[in-house]
Each structure stands twice: as C-alpha cells, then as structure tokens.
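Peer 1: mind looking at a prediction? Sequence and model below.
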Amino acid sequence: MNAVRLQPRSTIALALASTVGVVAFGWPLLASPDSGLAHSGDAPLLFAALLPLLLAIVLAEVADGGLDAKAIAMLGVLASVGAALRPLGGGVTGFSPVFLLIVLGGRALGRGFGFVLGAVTLFASALVTGGVGPWLPFQMLGAAWVGLLAGCLPPASGRREVWLVAVYGAFAGLAYGFLLDLWFWPFTTGLSSSISYVAGDPISENLHRFLVFCLTTSLGFDIPRAVGNFVLLLAVGGPVLRALRRAARRAAFDVPVEFEPVAS
C-alpha cells in the first residue's frame, strides 16, 4: 500500500512528462532523414529547456493532490540525504549510492513520491557537486523513472521484498546508464562509423550501433553501478524500508487535516 497516493491530475501530468521524456531520449531513433530534428544540434537543448518545466508541473500537481506538508518535509529530508550520498560513490567505477533512497523511497512511499524524489535528488546533488549542465534534465528524468518503477514493483514482504528491490536496483543501474548513453550518443565525436549515430538511417541500424556503443564504452561503468546497487540494497534495504514505513505511519499522510475553532 502506497503511503502517498497519486491523484488523477498528478497521474496525467506525470504521464505527460514521461511521454516527452521518451521523445527526448529516443529522438535519434525516431527522427526521419528529412526532418530538421535529424540534423539539428539544437534538439537536445530544446528538450533540456522543456523537461524542467514539465517536471515542475508534476511536482506542483503531486503537491496539490497527494503531498501535504509532512510529505514535503520527508521529501526534503530524503532528497538532501540522497544528494549527500552521491559524492560518496566512486566516479571512476560508475557506482553511486544515490539510488538507495530513490528506490526504497519509491517502494515504501509510492510511485508519485518516488518520481518526484528521483528528480529532486538528482537536481539537489547536481547543485552540491557542481554537475549542472545540459545532461541534468536527462539525469533527473532517468532517476525519476527509477523511483516511479520502484513503486510499481509487485507486493512482497520480509526477505523476499529485500531481494526484490535489490534485483530491481541492479536492473535500474543498467537501465539508467543505457538512458544516459542514449541522450549524448548522437553528439559524440571521433568514433568509428560502426558505433556512431547516422541521421536518417533505419531504426534497426542505429539501434545496433547504439548497443555496440554501450557495450564498448560504458558497460564498464554500468555493471559496477548495478552490482553496487544490488549489494547496498541487499545489505540495508530491510532496515531502511521499515524506517520509512514507520515514519509514514506516524506522519499519517492519509488522514485529512481538520481545523477546529479556538474556544473563546
């Protein structure tokens, strides 16, 4: 049961942001050879300007329908801790503990909370580490999807649930790397034609080049991230999930706020 539930307007806004995100990531495979997008270096800049606006809409809608002051306070605490955890990862290896709370927060507190937590955590961590750039909207959306899908995992309890989130964390580590590769792959230079993006080529050929690109350039970073997520979630996933759910019960997110008149 989700501690923070998605409301109808929040669901629509989240779906809209995710749809634009899919286009933002996948435009190299979708652009036709005669479109301006296929040959324009401004395409990622356009999406980079649009994504933060859509994510802000999602945040406002979720806050309007599903997040009260207590949930926003918890969001701030978890995002701050996640931002502090990010620099602890080894930049050389690719692993970062930033996904620990994103996965567990989405699992314990719900899909909408996980989506917003992922986006806010990556934004805050970018400010802390000086990692603000055209890649940030894509990092935010990738992490938001990690938190969203964590809230969609099937029901489980006890040790089985810990294994479930650990396996999911490993998969999410690989998928996140795949997505971040996809956003900058068309603009890499100095690569051989066998792994370079060719505007207007059939989807199958560009997809094959992209998969080869991932295997030869970034898989060495993605595998440590996946393994690190798995080990970390397996080690501390149970206690952190229990702590988050205990905090959610005490916060009583589902209890409506009622104001009583002050006795004169």
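Peer 2: On my side now, so go ahead.

Peer 1: tell me the contacts of Val103?
Peer 2: 114, 146-147, 150, 165, 168-169, 172, 229, 233 (CB atoms under 8 Å, 6 or more residues apart in numbering). The way it works is simple: take the backbone N, C-alpha and C, and place the C-beta from them, glycine included.

Peer 1: kindly recompute the last result at 6 Å.
Peer 2: With contacts defined as CB atoms under 6 Å, 6 or more residues apart in numbering, the neighbours of Val103 are 150, 165, 169.

Peer 1: same check on Phe221?
Peer 2: Gly94.

Peer 1: which SS state does it fall under?
Peer 2: Under DSSP: H, G, I helix; E, B strand; the rest coil, the three-state class of Phe221 is helix.

Peer 1: report the buried residues of the helix or strand containing Ala226.
Peer 2: Assessed by DSSP states H and E, Ala226 sits inside helix 219-251. Residues of helix 219-251 classed as buried by neighbour count (16 or more other CB atoms under 10 Å): 219, 221-230, 232-234, 237-238, 240-241, 244-245, 247-248, 251.

Peer 1: how distant is stretch 223-242 from the center of its chain?
Peer 2: In terms of CA atoms, centre = their mean, to the nearest Å, the centre of stretch 223-242 is found 16 Å from the chain centre.

Peer 1: could I get the CA-only coordinates of that stretch as CSV?
Peer 2: Listed next in CSV are the C-alpha coordinates belonging to stretch 223-242 (Å, rounded to 0.1, in the frame of the first residue of the first chain):
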residue,chain,number,x,y,z
ILE,A,223,28.0,-3.0,-14.3
PRO,A,224,29.7,-1.6,-11.1
ARG,A,225,26.6,0.6,-10.6
ALA,A,226,24.3,-2.4,-10.9
VAL,A,227,26.4,-4.5,-8.6
GLY,A,228,26.8,-1.7,-6.1
ASN,A,229,23.0,-1.1,-6.1
PHE,A,230,22.3,-4.8,-5.6
VAL,A,231,24.8,-5.2,-2.7
LEU,A,232,23.8,-2.0,-0.9
LEU,A,233,20.0,-2.7,-1.2
LEU,A,234,20.5,-6.3,-0.1
ALA,A,235,22.5,-5.1,2.9
VAL,A,236,20.4,-2.2,4.2
GLY,A,237,17.2,-2.4,2.3
GLY,A,238,15.2,-4.1,5.0
PRO,A,239,16.0,-1.7,7.9
VAL,A,240,15.6,1.4,5.7
LEU,A,241,12.2,0.2,4.4
ARG,A,242,11.0,-0.4,7.9
